[in-house]
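# here you go, sequence then predicted model.
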Amino acid sequence: MTVPWWDDDTGVLDRDRFGEQVEDILQRARRAQLEGHLPHGLLLVGLEGMGRELAAVELAAMLTCPENAGPWCGCNSCRRVRRGIHPDVERVAYDPDLKGTKDVIKADQVRDTIVSKVGARPYEGMARVWILDRVERQWFPPSPANVFLKTLEEPPPAVHFILLAANPGSVLPTIRSRCQTLRLPGAVALAAREGDELPELIASGEGAREFARRVRAALTEAAGGDPLALVVVSRSLPGEPWVYQAAAAAALELATSGTGADGGEGFSRLAARLVEAESRARVLNIRPERLILSCLMQWYEEAVEGAA
């Protein structure tokens, strides 16, 4: 089960960074587990790269733990879940090796990775856990969702599904209704706790600050219905490694000010996407203007056109 979470160096599984943010979710799940009320399907709602991956992995460790020790257990089984090498924990996400297809989870992936295996007993843990990353409709459309539906509704006793989404409203109702939703603090809450800004998102230097101001101005202009400013700012990126962080800082500043009809959560999702895009760019060697423009236009389609 080698996947980018375990191989990258972005720190999405860093307990020091996100442990406090996910603690409440883990303790609530633990209480439900001890009482025998933990549902087989959990929908973790939170921004990418801001704790939801850590929460998913720790929940998987807790559910498979042979010592039934709860969150943050240090046993060999839990350590292997955190390293991504436990045979009873598997992540399902868009596979970039499937060429010529859209960036979505495929129906065949669901059949091969979940449906065909779900009836087997756990290899060595107390349960089998599948983590489905990005289950919003644009990444988990009706075709694969329908293949998954019956398994999600009636799984074997020792099976759990942890679904991850930033925007629960974009998750198909048939999927959402079969899961219990657990919400992580959003970027706005996290930023407030950190003192108005997330230090990890703030690039140093006047050049970075100036670019962040330009992105903020472009976002503000686009919020009025004209996306041209987003195209212009994306085509004039500085050739510096901090462009993603500076753009994310601009979005986060708008989020913490409560700008937008949704109280800033659209900007929060944009900030998280830009952080995630930075790690993708390192792995796939994609030009930053392409990824940043994609993030900005996705925000525009959801937050501006979608609200019209």
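Done, it's in.

# identify the residues contacting the residue most central in space within the chain.
With distances taken as Cα atoms, centre = their mean, the residue of the chain nearest its centroid is residue 48 (3.0 Å). Contacts for residue 48 (Cβ atoms under 8 Å, 6 or more residues apart in numbering) come out as 134, 166, 272, 273, 275, 276. Yep, even glycine has a C-beta here, placed from its N, CA and C like the rest.

# is it correct that it falls within a strand?
No: with DSSP: H, G, I helix; E, B strand; the rest coil as the criterion, residue 48 is coil rather than part of a strand.

# need the helix or strand of the chain with the lowest average pLDDT.
One helix or strand of the chain scores below all others by mean pLDDT, DSSP states H and E: helix 187-194, with a mean of 50.

# just after that helix, pick out the following helix or strand.
Using DSSP states H and E, the helix or strand that directly follows helix 187-194 along the chain is helix 206-222.

# what helices and strands are in contact with that following helix?
helix 228-234, helix 243-256, helix 288-299 (3 or more Cβ pairs under 8 Å, 6 or more residues apart in numbering; DSSP states H and E).

# for it, the distance to its chain's centre please.
Helix 206-222 has its C-alpha centroid displaced from the chain centroid by 25 Å (Cα atoms, centre = their mean, to the nearest Å).

# what is the orientation angle of that helix with helix 243-256?
For helix 206-222 against helix 243-256, the angle by axes from the mean of the first three to the mean of the last three Cα atoms, to 10 degrees is 50 degrees.

# give the buried residues for helix 206-222.
208, 211, 212, 214, 215, 216, 218, 219, 221, 222 (16 or more other Cβ atoms under 10 Å).

# swap in stretch 293-308?
293, 295, 296, 297, 299, 300, 302, 303, 304.

# average pLDDT for it?
In this model, stretch 293-308 has a mean pLDDT of 83.

# residues contacting it, please?
Contacts for stretch 293-308 (Cβ under 8 Å, 6+ apart): 167, 218-219, 222-223, 225, 227, 230-231, 233-235, 247, 251, 260-262, 266-267, 269-270, 273-274, 277.

# distance from the chain centre to that stretch, please.
18 Å.

# follow-up on the earlier one: out of the contacts of residue 48, who's nearest residue 152?
residue 134 (15.9 Å; Cβ to Cβ).

# I figured that closest one hits residue 94, correct?
Yes: the criterion here is Cβ atoms under 8 Å, and residue 134 meets it with residue 94 at 7.0 Å.

# higher neighbour count, these two?
residue 134 (21 against 17; other Cβ atoms under 10 Å).
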